[in-house]
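Student: here is the input, now give the coordinates:
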Amino acid sequence: MAGARTCTILDIMRVVASIDPCQQGRQTVLYCFSKKHSRTPDPAQAKVSMSTAAPNPLADWPRDGYLQLDDALTGDYLAQVQTAFDRCAAAAKDQWLEGVATGSAPAAFFDIPDPLAQDPLFVGLVDHPPWYSLLQELMDGQTVFHFAQFRTVPPSPLSYVGWHFDVPRSNPLHLKIQLYLNDVGPDEGAFAYVPGSHLATAGPYPCVDRLEDMPGHRTFYARAGTALLFNSYGMHTSMLNRGPTPRRSIILIYEKFTAERHDPNRCARLAPQLTTPARRRLFGLER
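Tutor: Now for the predicted structure:
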């Protein structure tokens, strides 16, 4: 899709560094003031400041409902997460295959059971700064984590899911991170989204026989470590994986806090790992 925005971690760091804590997390632009006119911006200096300001990674978010974060995980950290994911998936594989044989588990995808309890490394992904700072901005500092899906999608002639949205717009703001753990190219089970489909004015959308026939969709081909932040009101799917290897990804699910939907027991089993007040609030143990 022409003009689609991607965001590097450097972009995010620049925006986070420019946030004024006295303005409730909203980005501000700082002007240079001359000594002679300490209360009035120098127009020339202001122009330079504006022209060199870091791009806002969320500039297209209201219109599109998604943001691609390149290199959200890199280097040793990415390798550690990949290794831990593979170890936990291998440990649970036999149980999944038994479930497939008895009809109690889907054959088209496999989720690691209770993934955050399997390795302390995984809890740190929930508030990983490259996306957590953006979640906090979008949710006015009221982000609550709901649950995670550590998913393997094996090669298959069919997708495990069609085009869908996750929650109605009457639900509190509901956002997800889709984190690729391996490079994903054409016919390798890429995530796809219809930009703008999160808006109340969007749709209706057709029921299509082939996923690629959905009008206006974008398919995200990207390398391992790329994260896709998206609004769950919007239409999305997993495209077919016709490639030789399973697609591995981590899905993190968040919602804006409301007292009506607050459940302090949802993540209570993880309490020993939630050692800071900020994490306990994020996981819903405290408010």
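
Student: I'd like the next helix or strand past the helix or strand harbouring Ile251.
Tutor: Assigned by DSSP states H and E, Ile251 belongs to strand 247-256. Using DSSP H and E, the next helix or strand after strand 247-256 towards the C-terminus is helix 277-282.

Student: any buried residues in that following helix, and which?
Tutor: 279-282 (16 or more other CB atoms under 10 Å). Using the backbone N, CA and C atoms, a C-beta is placed for each residue, glycine as well.

Student: of those residues, closest to Phe220?
Tutor: Leu282 (25.9 Å; CB to CB).

Student: which residues touch that closest one?
Tutor: Leu282 makes contact with 126-127, 143-145, according to CB atoms under 8 Å, 6 or more residues apart in numbering.

Student: try it again at 6 Å.
Tutor: 127, 145 (CB atoms under 6 Å, 6 or more residues apart in numbering).

Student: what's the per-residue pLDDT of it here?
Tutor: pLDDT for Leu282: 98.

Student: ok so, going back, the strand holding Ile251 pairs with which strands?
Tutor: Here strand 247-256 has these sheet partners by DSSP bridges: strand 143-153 (antiparallel), strand 174-180 (antiparallel).

Student: got the buried residues for the first one?
Tutor: Going back to what we said before, that points to strand 143-153. For strand 143-153, a neighbour-count test (16+ other CB under 10 Å) marks 143-146, 148, 150-153 as buried.

Student: closest to Tyr77 out of the residues you listed?
Tutor: The closest of the buried residues of strand 143-153, once distances to Tyr77 are taken by CB to CB, is Phe150, at 16.1 Å.

Student: now the buried residues of strand 143-153 as a markdown table including distance to Ala89 and pLDDT?
Tutor: Below are these laid out as a markdown table (distance: CB to CB, whole Å; pLDDT from 0 to 100):
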| residue | distance to Ala89 | pLDDT |
| --- | --- | --- |
| Thr143 | 27 | 98 |
| Val144 | 27 | 98 |
| Phe145 | 22 | 98 |
| His146 | 22 | 96 |
| Ala148 | 14 | 98 |
| Phe150 | 7 | 99 |
| Arg151 | 10 | 98 |
| Thr152 | 6 | 98 |
| Val153 | 12 | 97 |
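
Student: contacting residues for the residue most central in space within the chain?
Tutor: Central residue of the chain (CA atoms, centre = their mean): Ile177, 1.6 Å from the mean position. Taking CB under 6 Å, 6+ apart as the criterion, Ile177 is in contact with 131, 227, 229, 252.

Student: show me these that map onto strands.
Tutor: Judged by DSSP state E, strands contain the following of those: 227, 229, 252.

Student: what's the angle from the top helix by length along the chain to strand 143-153?
Tutor: Identified as the longest helix of the chain according to DSSP state H is helix 75-102. Interaxial angle of helix 75-102 relative to strand 143-153 (axes from the mean of the first three to the mean of the last three CA atoms, to 10 degrees): 70 degrees.
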